[in-house]
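[1] Sequence below, structure please.
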Amino acid sequence: MAHAHHHHHHERSGRNLLISILLNIGITLAQVIGGIISGSLALLSDALHNFSDVLSLIISYLANRFTKKQASSKRTFGYKRAEIMAAFVNSATLIVIALFLIKEAVERFFQPEPIAPSLVIWLSALGIAANGLSVLLIRKDADNNMNMKSAYLHLLTDMMASVAVLLGGLLMYFYQLYWIDPALTIAIGLYLIYMGYDLLKSSTKVLMLFTPDSIEVEGMVEEISRHRAIKNVHHVHLWQLNEHEIHLEAHIDFHENISIREFDAILKDIEVRVHHEYGITHVSIQPECGRCHSSQVIVQD
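    Reported below is the predicted structural model:
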């Protein structure tokens with residue numbers, strides 16, 4: 001049942017991503033043409049962000065498809081990290097694009113150009129509608145999947161950017177405040193950096209095999225070492241394969257030369273405890289007897 005549910009989740013999220021890709025291609029083409037005609041940098045920056053959305057959504061879609069592939073002798077983990085890599089690429093591009101938008105906006109401050117606000121208003125309204133629909137499609141899957149969250153953030157920030165461009169268009173139309181166009185572009189860029197940084201940091205930690213933030217290694221080792229048969233736990237490696245799997249690898253030194261049957265019972269007890277307390281899904285233990293005499297040696301290469 002759990003596998004069927006996971007498969008259904010992937011099918012639904014893949015379908016929603018495909019719809020969002022098509023919507024964003026349409027928005028991008030309309031806003032590029034409109035931005036050139038109107039002379040609005042904010043509209044062109046919104047179009048550029050939409051184009052980055054198209055690329056990021058395609059990456060997310062491909063990653064979503066790849067994770068369904070089965071493991072093989074050459075790929076024993078399969079493609080379980082595909083979505084983490086997609087999240088890393090998407091969050092990095094979000095920040096790069098934001099810096100480019102800010103640079104362009106600063107230059108526009110010193111070289112202002114005339115803008116046709118009516119076209120800006122209509123096209124930004126189109127962007128709000130299309131991105132709003134995409135956000136609604138992907139929102140449910142963004143809570144427990146880093147890849148879908150990266151796609152969701154791209155779409156959410158773009159919808160907010162379109163709202164900002166619409167407000168700017170209205171201010172230009174009624175009050176001729178043309179400086180609002182580059183000002184909004186800078187605000188959009190800063191917000192993109194703010195949103196992208198956290199996801200970039202999270203995906204980098206997973207790719208670098210860092211210990212998950214939710215687990216304190218020394219406390220976990222102390223918990224395992226409470227078993228009367230265990231002398232110490234050392235050579236601990238703890239990493240997150242993807243959002244659903246956390247792996248633990250360790251050497252355990254026992255007081256006595258226990259049997260395989262006894263070790264198997266202790267291993268099952270450890271698996272249950274670390275899964276319940278720390279969410280660890282996969283445990284690999286190397287049993288030893290009299291090889292490590294220090295309880296202070298926990299983390300080693």
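[2] Okay, strands next: where are they in the stretch 201-301 of the chain?
    230-240, 246-254, 282-289 (DSSP state E, counting those that start in this stretch).
[3] could I get those as JSON lines with mean neighbour count and distance to residue 138?
    Any C-beta I mention is one placed from the backbone N, CA and C, and that applies to glycine too. Shown next, in JSON lines, are the strands of the stretch 201-301 of the chain (neighbours: other Cβ atoms under 10 Å; distance: least, Cβ to Cβ, whole Å):
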{"stretch": "strand 230-240", "mean neighbour count": "20", "distance to residue 138": "23"}
{"stretch": "strand 246-254", "mean neighbour count": "20", "distance to residue 138": "25"}
{"stretch": "strand 282-289", "mean neighbour count": "14", "distance to residue 138": "29"}
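[4] Please work out the average pLDDT along stretch 148-156.
    For stretch 148-156, the mean pLDDT works out to 79.
[5] just to revisit the earlier point, TSV please, covering the strands of the stretch 201-301 of the chain and showing distance to residue 214 and mean pLDDT.
    Output for these, formatted as TSV (distance: least, Cβ to Cβ, whole Å; pLDDT from 0 to 100):
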stretch	distance to residue 214	mean pLDDT
strand 230-240	10	92
strand 246-254	9	94
strand 282-289	16	94
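[6] Domain boundaries for the protein, per the record?
    2-207, 217-289 (automatic domain parsing).
[7] Comparing those domains by mean pLDDT, which bottoms out?
    Among the domains of the chain, domain 2-207 scores lowest, with a mean of 79.
[8] nearest spatial neighbour of residue 233, skipping sequence neighbours?
    residue 221 (4.7 Å; Cβ to Cβ, 6 or more residues apart in numbering).
[9] again but with residue 77, I slipped
    The nearest residue in space to residue 77 (Cβ to Cβ, 6+ apart) is residue 71, at 6.3 Å.
[10] Spell out the secondary structure type for that neighbour.
    Using DSSP: H, G, I helix; E, B strand; the rest coil, the structure places residue 71 in coil.
[11] that older thread, make CSV from the domains of the chain and add distance to residue 298 to it.
    Converted to CSV, these look like this (distance: least, Cβ to Cβ, whole Å):
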stretch, distance to residue 298
domain 2-207, 20
domain 217-289, 5
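[12] ok, and which of the ones you listed has the densest surroundings?
    Across the domains of the chain, averaging neighbours per residue (mean count of other Cβ atoms under 10 Å) puts domain 2-207 on top, at a mean of 19.
[13] Show me how far it is from its chain's centre.
    13 Å (Cα atoms, centre = their mean, to the nearest Å).
[14] Does residue 84 touch residue 207 like I think?
    Yes: with contact defined as Cβ atoms under 8 Å, residue 84 and residue 207 form a contacting pair (6.2 Å).
[15] Assign a three-state SS to residue 144, would you?
    Classified using three-state DSSP, residue 144 is coil.
[16] who touches it in this structure?
    Residues near residue 144 by Cβ atoms under 8 Å, 6 or more residues apart in numbering: residue 243.
[17] Please report how far it lies from residue 25.
    According to Cβ to Cβ, to the nearest Å, residue 144 stands 28 Å off from residue 25.
[18] now do residue 249
    From residue 249 to residue 25 the distance is 45 Å (Cβ to Cβ).
[19] What of residue 231?
    62 Å.
[20] before we move on, back to that, in TSV: the strands of the stretch 201-301 of the chain, plus distance to residue 195.
    Converted to TSV, these look like this (distance: least, Cβ to Cβ, whole Å):
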stretch	distance to residue 195
strand 230-240	22
strand 246-254	26
strand 282-289	32
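[21] quick one: which of the ones you listed is nearest residue 101?
    With Cβ to Cβ, the closest approach to residue 101 among these belongs to strand 230-240: 32.3 Å.
[22] What pairs with the closest one, parallel or antiparallel?
    Using DSSP bridges, strand 230-240 pairs in its sheet with strand 246-254 (antiparallel).
[23] what angle separates the strand it pairs with from strand 282-289?
    10 degrees (axes from the mean of the first three to the mean of the last three Cα atoms, to 10 degrees).
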